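K.L.:
A predicted structure for the sequence below; I have some questions about it.
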Amino acid sequence: MGDAAMRLTTLAEELLGAPLPVRIRAWDGSESGPPGAPVLVVRHRRALRRLLWRPGELGLARAWVAGEIDVDGDLYAALDLLSGIIWERGEARPASGHPLRDPRLRAAARGLLKIGGALPPPPPPAEEVRRRAGPLHTKRRDKKAISHHYDVGNPFYELVLGPSMVYSCAYWHDGGTLEDAQRDKLDLVCRKLGLKEGDRLLDVGCGWGSMAMHAAREYGVQVTGITLSREQAAFARKRIAEEGLTDRIEIRVQDYRDVRDGPYDAISSIGMAEHVGQVRYHQYAEQLFSLLEPGGRLLNHQIARPPEENESAYHVDEFIDRYVFPDGELAPLGRTVTSLEAAGFEVRDVEAIREHYALTLRRWVANLEADWDRAVRHSSPGRARVWRLYMAACAISFERNKIGVNQILAVKTPGSGASGLPLRTRTWT
């Protein structure tokens, strides 16, 4: 048996300045690390070459997607241990500028070179998005980014999301199923919006049509749903036809910036604003404000991150940006509220449902793992690995309060000041 695992463990601990909390199993059959701990399996030395050429998260992500590294045992436990190192020690970049000016990183590079070999860098996996340089969040670029994520194939999403086909945080009660929780979330949104028969609802980022269908069926409203994904739109239209709701729902492939047929009585935006981007957020808020009737309500359901001490230092997670949500950005809750208020909205309620998203993600991961072979057939081995890693890692991030999710209810309050909301909007239990 070789000694690659011991050499990798020693190298990692020298770099971290702390014991490695997981066990390593290398391609030569060797193992090293704490007994009983989750096992990080390095299947091929090519993974080390990826780290040598792209140190840090992107190198690890490429190796994971390519199947060159894996976890044997509880994926959540392994991610929790490894993420704890990053979060507790920080992701500090060397003050000297280029990473290889840092002596520790230079030493690590030499170590990787000895173990992994000095061959050219492996090409990125096919699942990695390829983009040209240029301004963020143009209509054309946003459409390509949405297509990368959502046009993976409807059968794949059916497998992961289940019959509800809702790709956002559910709203849980003890003992409920995923379908129950997603139905309750959709109904919560409808109730917060105060929907009534005959109202016009704009559903921004309508996905596969679940919100539109619930609102039309249960509340008798007329719904316009918009998405940039042609696959989503086709699937939604088929579902709507099968439910006999085509006279109440229109699904368009359309950018929110191009909607011109207001006013609407209410707008729902569920899990869409993360795609808007900082450079467009004021435009997004102003556009939705302009599309509402006086007294109309907006329900903005959006993932948030904590504010940075220096906001200009914020950077998008490389794995998420390259493999999951290209150009996606998270904003602090306070910035989102400020943008909505600057557009003219009166923010009336903010409900934080962070723990609910962790539960939702764990159910999605369980669906994926339970039908892994079919998921691979409907996408690719690399794509299935991307979704498993990102959903499991995000579940831990929500559980550890590294990110959150909020429902913001805002009103286009008229000059009279009459918001149309009851004195008590929620009952606490």
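P.N.:
Ah, there it is. Numbering: from 1, shown residues only.
K.L.:
Give me the residues contacting the lengthiest helix in the chain.
P.N.:
Of all segments of type helix in the chain, defined using DSSP state H, the longest is helix 381-399. The contact list for helix 381-399, computed with C-beta atoms under 8 Å, 6 or more residues apart in numbering, reads 61, 64-67, 75-76, 79-80, 83, 125-127, 152, 156, 160, 319-320, 323-324, 354-355, 357-358, 361-362, 364-365, 368-369, 372, 375-376, 379, 403-405. Where you see a C-beta, it was placed from the backbone N, CA and C, and this is true even at glycine.
K.L.:
Repeat that for stretch 42-54.
P.N.:
4-5, 8, 24-27, 59-60, 62-63, 66-70, 109, 112-113, 115-117, 119, 121-122.
K.L.:
now those residues: which count as buried?
P.N.:
The neighbour count (16 or more other C-beta atoms under 10 Å) marks 4-5, 8, 24-27, 59-60, 62-63, 66, 68-70, 109, 112, 115-116, 122 as buried among the contacts of stretch 42-54.
K.L.:
Leaving out the residues flanking it, which one is nearest to Glu158?
P.N.:
Met165 (6.7 Å; C-beta to C-beta, 6 or more residues apart in numbering).
K.L.:
ok, now which ones touch the one you found?
P.N.:
For Met165, the contact set (C-beta under 8 Å, 6+ apart) comprises Tyr157, Glu158, Gly207, Trp208, Gly209, Ser210, Phe235, Arg239.
K.L.:
Excluding chain neighbours, what is closest to the residue nearest the centre of the chain?
P.N.:
In the chain, the C-alpha nearest the mean C-alpha coordinate belongs to Phe325, at 6.7 Å (C-alpha atoms, centre = their mean). Distances taken as C-beta to C-beta, 6+ apart put His149 closest to Phe325, at 5.8 Å, once the chain neighbours are dropped.
K.L.:
Report the separation between that neighbour and Glu274.
P.N.:
11 Å (C-beta to C-beta, to the nearest Å).
K.L.:
for Pro326, same thing?
P.N.:
With C-beta to C-beta as the criterion, Pro326 and Glu274 are 12 Å apart.
K.L.:
and these two? which has more neighbours close in?
P.N.:
When Pro326 and Glu274 are compared for neighbours, Pro326 comes out ahead with 23 against 16, by other C-beta atoms under 10 Å.
K.L.:
so that one sits right up against His149, yeah?
P.N.:
Yes. Between Pro326 and His149 there is a contact at 7.3 Å, judged by C-beta atoms under 8 Å.
K.L.:
Need the residues that contact stretch 189-203.
P.N.:
By C-beta under 8 Å, 6+ apart, the list of residues contacting stretch 189-203 reads 211-212, 214-215, 218-226, 259, 262-270, 291, 297, 299, 301, 349, 407, 409, 420-421, 425.
K.L.:
Now the buried members of these.
P.N.:
By 16+ other C-beta under 10 Å, the contacts of stretch 189-203 give 211-212, 214-215, 219, 221-226, 259, 262, 264-270, 291, 297, 299, 301, 407, 409, 421 as buried.
K.L.:
Which parts of the stretch 1-150 of the chain are strands?
P.N.:
When assigned using DSSP state E, counting those that start in this stretch, the strands of the stretch 1-150 of the chain occupy the ranges 23-25, 31-32, 39-42, 69-72.
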